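[1] I'll drop the sequence and a predicted model, then ask my questions.
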Amino acid sequence: MDTSEEVHYNERDLAAKSFKAFLLKSSSKTNLNLYDHLAQLLTKVMDESPEDVVETFEDMSQEVKRAGLQNTQSTLRDTTPISTATVLAEQQRALFSRKAGEDPAHEEYLVKTPLPNVPELAFYLEQAGVGLGEEEMHRVFLALKELVDTQPLQRCRFWGKILGSESNYFVAEGEFQEGGGEEDETAEEEARKSEHRVDDLEAVAEHTVNLLQKSADKSMPVVPMEDKGTGANKYTYFVCREPGMPWVRLPSVTPAQIIAARQICKFFTGRLDAPIASSPPFPGNEANYLRAQIARISASTQVSPLGFYQFAEEEGEEDEETPRYSLEENPDFEGIPVSEMAESLSTWVHHVPHILEQGRCVWVDLAEKPEELVEEEEGDEDREDEPDKPEAEVGPPLLTPVSEDAEINKTPSWTAKMSSTLVSQFAIAVLRSNLWPGAYSFAFKKKFENIYVGWGLKFTGEGYNPPAPPPTQQAYPSGPEITEDLEVGLKEKQGVKSTLEEQREEEESEEAEGEEEEEKEEEGEEEEEEGAGEAEEEEREENEEDED
Amino acid sequence: MDSDSLRYSLDLVSGCGLTLSCEQRAALQTSLLILKRNYKFSRVLFWGKILGLRSDYFIAHGITEDEMRNRKTLYSFNCVDWHLLPPVTEAQLAEVSLLKEHFKGDPSYEYEHTETRGLDEGDEAVVEEITVSVKMTEETRLAATVFNIDREVSVVPRGAFIKTPSGRVQVNRCFEGLSESEARKLSSYLHFSEPQHLKKKTILETADLNPSIDFLDNLSEDTPKGSWSLQFERGSISVLRSLLWLGLTFFHVPMTPQHGYIYMGDGMKNHYLPFML
């Protein structure tokens, strides 16, 4: 009995030992064996005791294997790759360092600085549900400070952020001091000169074309760009990719660019030199397109409470028809109660001049019948009639209330509300644009601000339809002197036919007379030719004889 | 995104410009917990915000056992009182793409939209016209829009969810995050909805896939190419933005299991994406 039990025990023992030996057998592919692997795995389960371990058991097993393999690396040490995060961090570190020569106790800080109070802006915007995150806004603040220190700006504002498919743009708006901002003047002068040159070239071309024929298609003369400091170019814009990276100045905008930007709908990529492939073609690259969109957004969505700005009194201004453009802050502004601002749209007014269809804020008479410009899809703020005669284009005057803006699909293009209904004493009024999604404004007592965070695209309602290409130009104007009149043609042909027949009869009679002469002449010529041919043959024969 | 880590997640996603005010966040933290208990959800996610003309809708998802199926959607105006959205039919999903107006902010508003579409039938010169009329309430439109957005552009990183052999989808507790190099590739992100393209793949393509992780469609197979914008904000956070539904933002911090997506926008699909690329 004992022996059988012992034998049984021995058999089991033997089976266990052989199984353990089997477990310890190393795999032929890697140097692992199942015994060690299971031991490591169960140790890991014991250490970590995760929940529902039976579900994730296989994954843990894979991880243990992976971890085991990593230890058998070569003796070469990996250099830690420099990630983009560290590169950016290095750049942003510069934001936090105080420049030499700045004394915190210096009196300069008591003087009004063009730097905007961005943390305050961030606080109010957060109540409105808009924002970029606290730390990000603070970085923007420090980047603006750097901008103000390097450029002679009189006023500076954080305009907003435009999202792109590869990277984004942080946009700052600045107004240069008197006489400042000369760096780009050479570039602008060149642009203007090139425009003049183009004008000259076009004038010459037109003249020649007119000399040749009356062309039905006159090329449009180029609308001149607005001067720096006026109209759509009143402010200069700087962009950067991330706060901490250097600010790049955007070029001034030309009316042609604004007109083209109204017709296309494109995402930004994030590279300023990217070409814009669109139909109709956009004159410029992404930097120009960005600037044009910024100009359009500013003109449509920069609003302020009614009464904050008033028209500046200019001496000698008696003509009431010329639109007034100079604004100044109203020192007597009391502030409108928040509930009123949240309810009625007429308490908000535009304070940036509207851009006309021509692409400028101030209409310029080109002394020629202006061609019909392509209309916009929606009946929005461009409410002027198409000029049939060279009438001045007039847009809504400055400081018109926002309630006068045209509607989209019978809904107002703005939505106003209070930031909080629970605590209305300290709530702020928020205005949101439905036409340019991403444009927000807030007002609280005497403070207000505008910001844009979005893709830089207008709301198109029924949808964006790219304009069809223009019809092919005619090679020549079709007029009565060129077109063939079939009836007249028939008669003429018949008439011509009869005359031709007559002529032919005459000719035949002449020919009959002259044929003999011609035949003689021909024969004479043929003889000459034959003679010449014979002479050539003789020469060839001689040559052949020579060769032979 | 998870209601527990709302503040942190919102901070990472706020590159798109829209966040929640402090009051709304505080209200959400309280009301979502109550919601979880009332409906017996295992997890509650704050889905996002749809802007309307008069008022905005705040949307939340409640998840029971399976992460992907049987999700309940709720909406609220003030982040405190939540209402359940009705389930949608396929017909409604198709109809909702015809509506191109803003959301009004009133759930009982009835949309009536008639569209005449010309049908050319072969060589016939006569063009038959079909009038398609759509009538739906804003509540249905809201439910259909949320469902569409989830189906088309909801994103999760690869490996964050696993499918058990029983077919249940659940959170992978072993997910440690994508590596930096993986997070730069669009193929490391998957759609979190019933896969459309997976069955059409050849065996050669599926050879490298892990069936427990790769049971969803990959983002790199979306058409048109370029409808996703993958950026690294602040250097290290991977942010995906959809150009098809403007307003959907997904974030993931590499080497950590933190990820989430949120939709803050006007609830309208960008049909004209090919023109804009």
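    Looks like it arrived, so ask away. Numbering: from 1, shown residues only, chains lettered A, B, ... in the order given.

[2] isn't residue B:54 right up against residue B:103?
    No - judged on Cβ atoms under 8 Å, residue B:54 makes no contact with residue B:103 at a distance of 9.1 Å. Glycine gets a C-beta too; all of them are placed from N, C-alpha and C.

[3] what about the two, which has more around it?
    The neighbour comparison of residue B:54 against residue B:103 (other Cβ atoms under 10 Å in any protein chain shown) goes to residue B:103, with 24 against 14.

[4] would you list the phi and psi of that one?
    phi -70, psi 140 (degrees, to the nearest 10).

[5] okay, now the domains of chain A?
    Taking automatic domain parsing as the reference, chain A has its domains at A:22-66, A:115-212+A:220-312+A:325-369+A:398-454.

[6] gap between the residue in the stretch 251-400 of chain A positioned nearest to chain B and residue A:290?
    Residue nearest to chain B within the stretch 251-400 of chain A (Cβ to the nearest Cβ): residue A:267, separated by 4.9 Å. Residue A:267 sits at a distance of 12 Å from residue A:290 (criterion: Cβ to Cβ, to the nearest Å).

[7] out of the two, which sits in the busier spot?
    Remark: of residue A:267 and residue A:290, residue A:290 carries more neighbours, 25 against 21, as counted by other Cβ under 10 Å.

[8] am I right that the more buried one is in contact with residue A:170?
    No - the criterion here is Cβ under 8 Å, and residue A:290 misses it with residue A:170 at 11.9 Å.

[9] shared neighbours, these two?
    Taking Cβ atoms under 8 Å, 6 or more residues apart in numbering or on different chains as the contact rule, the neighbours common to residue A:290 and residue A:170 are residue A:239.

[10] what residues are up against the closest residue to residue B:198 other than its chain neighbours?
    The shortest distance from residue B:198 to any non-neighbouring residue, by Cβ to Cβ, 6 or more residues apart in numbering or on different chains, is to residue B:217 (6.1 Å). Residues in contact with residue B:217 (Cβ under 8 Å, 6+ apart) are B:190-191, B:193, B:195-198.

[11] tell me the contacts of the residue of the stretch 51-200 of chain B at minimum distance from chain A?
    Residue nearest to chain A within the stretch 51-200 of chain B: residue B:174 (4.8 Å; Cβ to the nearest Cβ). Applying Cβ under 8 Å, 6+ apart, we find residue B:174 in contact with A:50, A:56, A:59-60, A:63.

[12] now do it against residue B:161, distance only.
    Between residue B:174 and residue B:161 the computed distance is 11 Å (Cβ to Cβ).

[13] burial measure for residue 32, as a count.
    All of this is about chain A. When neighbours are counted by other Cβ under 10 Å, residue A:32 comes out with 15.

[14] I was thinking of chain B, sorry if that wasn't clear
    The tally of other residues near residue B:32 (other Cβ under 10 Å) stands at 23.

[15] for it, helix, strand, or coil?
    Three-state assignment for residue B:32 (DSSP: H, G, I helix; E, B strand; the rest coil): helix.

[16] contact residues of the stretch 151-277 of chain B facing chain A?
    Within the stretch 151-277 of chain B, the positions near chain A by Cβ under 8 Å from any Cβ of the partner chain are B:162, B:164, B:170, B:172-174, B:180, B:212, B:226, B:229, B:231-232, B:234-236, B:241, B:243, B:246, B:265-266, B:271-272, B:275-277.

[17] hmm, which of the residues you listed are the buried ones?
    Neighbour counting by 16 or more other Cβ atoms under 10 Å in any protein chain shown classes B:162, B:170, B:172-174, B:180, B:212, B:229, B:231-232, B:234, B:236, B:241, B:243, B:246, B:265-266, B:275-276 among those as buried.

[18] quick check: residue B:159 vs residue B:248, distance?
    Taking Cβ to Cβ, one finds residue B:159 at 21 Å from residue B:248.

[19] just want to know which of those two has more residues nearby.
    Here residue B:159 and residue B:248 are compared on neighbour count by other Cβ under 10 Å; more neighbours surround residue B:248, at 24 against 21.

[20] not counting sequence-adjacent ones, nearest residue to the more buried one?
    Leaving out its chain neighbours, the residue that sits closest to residue B:248 by Cβ to Cβ, 6+ apart is residue B:242, at 4.2 Å.

[21] near the one you found, how many other residues are there?
    Per other Cβ under 10 Å, the neighbour tally for residue B:242 reads 25.

[22] and for residue B:131?
    8.

[23] which other residues reach stretch A:120-134?
    Residues outside stretch A:120-134 that contact it (Cβ under 8 Å, 6+ apart): A:137-138, A:140, A:158, A:161, A:419-420, A:427-428, A:430, A:440, A:442, A:444, A:447, A:449, A:451, A:453, B:11-12, B:14-15, B:17-24, B:49.

[24] residue B:243 contacts residue B:224, correct?
    No - using Cβ under 8 Å, residue B:243 is not in contact with residue B:224; the gap is 9.2 Å.

[25] joint contacts of these two?
    Joint contacts of residue B:243 and residue B:224 (Cβ under 8 Å, 6+ apart) are B:273, B:277.

[26] the stretch 51-200 of chain A: helices as residue ranges?
    With DSSP state H, counting those that start in this stretch, the ranges of helices along the stretch 51-200 of chain A come out as A:57-70, A:84-93, A:118-128, A:134-150, A:185-212.

[27] ok, the residue nearest to residue A:141 when sequence neighbours are not counted - contacts?
    Leaving aside its sequence neighbours, residue A:141 sits nearest to residue A:118 (Cβ to Cβ, 6+ apart; 3.8 Å). Shown in contact with residue A:118 (Cβ under 8 Å, 6+ apart): A:137-138, A:140-141, A:144, A:158.

[28] show me where the stretch 51-200 of chain B has its helices.
    Remark: helices assigned in the stretch 51-200 of chain B by DSSP H, counting those that start in this stretch are B:90-95, B:138-153, B:180-183.

[29] ok, and the helix or strand in chain A with the lowest average confidence?
    Within chain A, no helix or strand scores below helix A:185-212, which has a mean of 53 by mean pLDDT, DSSP states H and E.

[30] next helix or strand past that helix?
    Counting by DSSP states H and E, the element after helix A:185-212 in chain order, helix or strand, is strand A:236-240.

[31] on that earlier part again, show me the residues of the stretch 151-277 of chain B next to chain A that map onto helices.
    Among these, DSSP state H puts B:180, B:275-276 in helices.

[32] low-confidence ranges in chain B?
    Counting by pLDDT under 70, chain B has low-confidence residues at B:116-129, B:207-208.

[33] could you redo the last one with a cut-off of 80?
    Along chain B, segments meeting pLDDT under 80 span B:1-4, B:14-17, B:66-70, B:96-100, B:113-134, B:196-214, B:220-224, B:233-235, B:274-277.

[34] please enumerate the strands of it.
    B:43-50, B:57-63, B:72-76, B:83-84, B:110-120, B:127-137, B:155-157, B:161-163, B:169-171, B:189-191, B:228-233, B:237-242, B:248-252, B:259-265 (DSSP state E).

[35] would you reformat these as JSON lines and include distance to residue B:143?
    Formatted as JSON lines, the strands of chain B follow (distance: least, Cβ to Cβ, whole Å):
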{"stretch": "strand B:43-50", "distance to residue B:143": "11"}
{"stretch": "strand B:57-63", "distance to residue B:143": "10"}
{"stretch": "strand B:72-76", "distance to residue B:143": "6"}
{"stretch": "strand B:83-84", "distance to residue B:143": "10"}
{"stretch": "strand B:110-120", "distance to residue B:143": "13"}
{"stretch": "strand B:127-137", "distance to residue B:143": "10"}
{"stretch": "strand B:155-157", "distance to residue B:143": "21"}
{"stretch": "strand B:161-163", "distance to residue B:143": "24"}
{"stretch": "strand B:169-171", "distance to residue B:143": "22"}
{"stretch": "strand B:189-191", "distance to residue B:143": "20"}
{"stretch": "strand B:228-233", "distance to residue B:143": "25"}
{"stretch": "strand B:237-242", "distance to residue B:143": "20"}
{"stretch": "strand B:248-252", "distance to residue B:143": "17"}
{"stretch": "strand B:259-265", "distance to residue B:143": "14"}
